[in-house]
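Colleague: Quick one: sequence and predicted model below, then my questions.
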Amino acid sequence: MKTGTPVRIDKRSVCLDEMQKDEGESDFHTFSFLSDERPLPQLPCWTCHTNERVHDVLRRGLPDSPLYNGQIQSIGPRYCPSIETKLVTFPDREQHPLFLEPEGVNTNELYLNGFSSSLPLDVQLDALHEIPALRDARIYRPGYAIEYDFFDPTQLRHTLEVKNIEGLFLAGQVNGTTGYEEAAGQGLLAGINAALKCAGKEPFTLGRDEAYIGVLVDDLVTKGVDEPYRMFTSRAEYRILLRQDNADQRLTPYAVALGLASSERIHRFEAKKKQIEELRNFLDQTTIKVENINKFLEQKSGTPVQSSQRLSSFLLRPEVKLAELLDETDFFVPFGKTFFSQEVVESVEVEIKYSGYIEREKLQAEKMHRLEDIKIRGHFDYMKIEQISIEARQKLTNIDPETLGQASRIPGVSPSDISVLLVLSGR
């Protein structure tokens, strides 16, 4: 497979005032649940575009591009194409967006997102200088492409251990993925399981309804890859359950059980969990009077109500925000606006407003868990089961799924094939 990276530009040589400035987010969210505030300032990015002059320079350089002169013949990432690929794939586009992103707080290095390239240095520079805001641009490093080998991930178990080489775990780009987070997630899971194996303990896996790492690994070992794999929310059928606001609630208990959670993390998790329960119980058990409801709705131009309601039911209305309700001391004695953290308020509000969808997805996940509980590896010689299709026999033999649930997700294995295996398994 192949992947690439864009040119790095010296910020001091760029006409930033001629580009659109895009400020970073400044709300309460942080990368870690352990952070109370952001230790670093949010830095802006800047947007500009290529033009026909840029495209002409790049087209003249295509014969010298390893991606197009035959030197590299591998498959690249579908969602991060090089600038050369964009020109060839979309020949009628007059411009393509580019995003200048700072590499850090204490550097002048800018990452030109959208301009991955394997073209010679002089071609990249000439093309960049045709962009008005980059006419005087100086660079630290040109863009470049690399080609790499990978192992077919269908050879792996869900623990990321190689099926026929005990004790060998593979993680990262070598499994046919692309992207930093994808590699980090696999490394975490493979490292956990390597340690557990050395300690003679049971392996650890995550389900598709528990974590995006679970979706990533299941996709890799069940479906394999024919291009560099990248994790998207659209690949997860239970993405309403896999929210960023509940990541700690989903996964911290596993970290505690595995001995990976620090005492600080455990303390903060338990404190947050207690606050969530306290606020949720209060909303479920407290009824507010009609006059208080309508007074609040009047400010929101909402439709008046005719009877009292529990706060949790009132919160289901789209115009009602929990943070605003917390300002209404008539409703929330003895609680006040600052009694609960913003994290807790967000988490409780999401759980209540989307409760119907969340419950429906939990039911779907429970149905799938029934198939996941049926172990089938080593139980069948698939090539001898004439009641299933030839394609299913071949795919099942090749993948050798651990469970009936995994078998149901293999491309080419139909619901009727699963029904046959369900009967043969005695369920």
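Modeller: Perfect, thanks for sending it. Just so we're clear, the structure is a prediction, and the values are computed from it rather than from any experiment.
Colleague: Quick one: the helices in the stretch 301-427 of the chain, in order.
Modeller: Along the stretch 301-427 of the chain, the stretches classed as helices by DSSP state H, counting those that start in this stretch are 311-314, 322-325, 342-353, 355-372, 390-399, 404-408, 415-424.
Colleague: The fifth one - what's its average pLDDT?
Modeller: Over the span of helix 390-399, the pLDDT mean works out to 90.
Colleague: circling back: and the helices of the stretch 301-427 of the chain as CSV, adding mean neighbour count and distance to residue 248?
Modeller: For the C-beta atoms, the positions are set from N, CA and C on the backbone; glycine is no exception. Formatted as CSV, the helices of the stretch 301-427 of the chain follow (neighbours: other CB atoms under 10 Å; distance: least, CB to CB, whole Å):
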stretch, mean neighbour count, distance to residue 248
helix 311-314, 20, 22
helix 322-325, 16, 19
helix 342-353, 19, 9
helix 355-372, 14, 17
helix 390-399, 17, 33
helix 404-408, 22, 26
helix 415-424, 15, 35
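Colleague: Just put those in TSV and tack on distance to residue 227.
Modeller: TSV is the format used below for those (distance: least, CB to CB, whole Å):
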stretch	distance to residue 227
helix 311-314	46
helix 322-325	43
helix 342-353	34
helix 355-372	26
helix 390-399	19
helix 404-408	22
helix 415-424	26
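Colleague: Which one, of the ones you listed, ends up nearest to residue 239?
Modeller: Ranking those by proximity to residue 239 (CB to CB) places helix 355-372 first, at 8.5 Å.
Colleague: packing partners for the closest one?
Modeller: Packing partners of helix 355-372 (3 or more CB pairs under 8 Å, 6 or more residues apart in numbering; DSSP states H and E): helix 404-408.
Colleague: Report back the residue of the protein that's furthest from centre.
Modeller: residue 291 (44.4 Å; CA atoms, centre = their mean).
Colleague: Confirm it sits in a helix?
Modeller: Yes: under DSSP: H, G, I helix; E, B strand; the rest coil, residue 291 sits within a helix.
Colleague: which ones are touching it?
Modeller: Going by CB atoms under 8 Å, 6 or more residues apart in numbering, residue 291 touches no other residue.
Colleague: Nearest approach to residue 249 belongs to which of the helices of the stretch 301-427 of the chain?
Modeller: Here helix 342-353 is closest among those (CB to CB), at 7.7 Å.
Colleague: from the chain's centre, how far out does that closest one sit?
Modeller: 21 Å (CA atoms, centre = their mean, to the nearest Å).
Colleague: Could you do stretch 308-325 as well?
Modeller: Computed by CA atoms, centre = their mean, the chain-centroid distance of stretch 308-325 equals 30 Å.
Colleague: Need the mean per-residue confidence for it.
Modeller: The predicted model gives stretch 308-325 an average pLDDT of 87.
Colleague: and if you look at stretch 56-75?
Modeller: Taken as a whole, stretch 56-75 has an average pLDDT of 84.
Colleague: re the thing from before, who wins for proximity to residue 170 among the helices of the stretch 301-427 of the chain?
Modeller: Across these, closest to residue 170 is helix 390-399 (CB to CB), at 16.4 Å.
Colleague: Residues contacting the closest one, please?
Modeller: With CB under 8 Å, 6+ apart as the criterion, helix 390-399 contacts 154, 221-222, 380, 382-383, 385, 388, 406-407, 410-414, 417.
Colleague: and if you look at stretch 356-369?
Modeller: 207, 208, 209, 237, 238, 240, 241, 351, 405.
Colleague: Could you measure from the first one over to residue 414?
Modeller: When distance is defined by CB to CB, to the nearest Å, residue 207 is 23 Å away from residue 414.
Colleague: Counting neighbours, go ahead and name the busier of those two.
Modeller: residue 207 (16 against 13; other CB atoms under 10 Å).
Colleague: who's in contact with the more buried one?
Modeller: Contacts of residue 207 (CB under 8 Å, 6+ apart): 214, 365, 369, 372.
Colleague: Residue 175 now?
Modeller: 150, 151, 153, 156, 160, 186, 220, 225.
Colleague: Could you give the number of residues near the fifth one?
Modeller: Read it as residue 160. 26.
Colleague: And the third one, by the same measure?
Modeller: Residue crowding around residue 153 was assessed by other CB under 10 Å; the count is 22.
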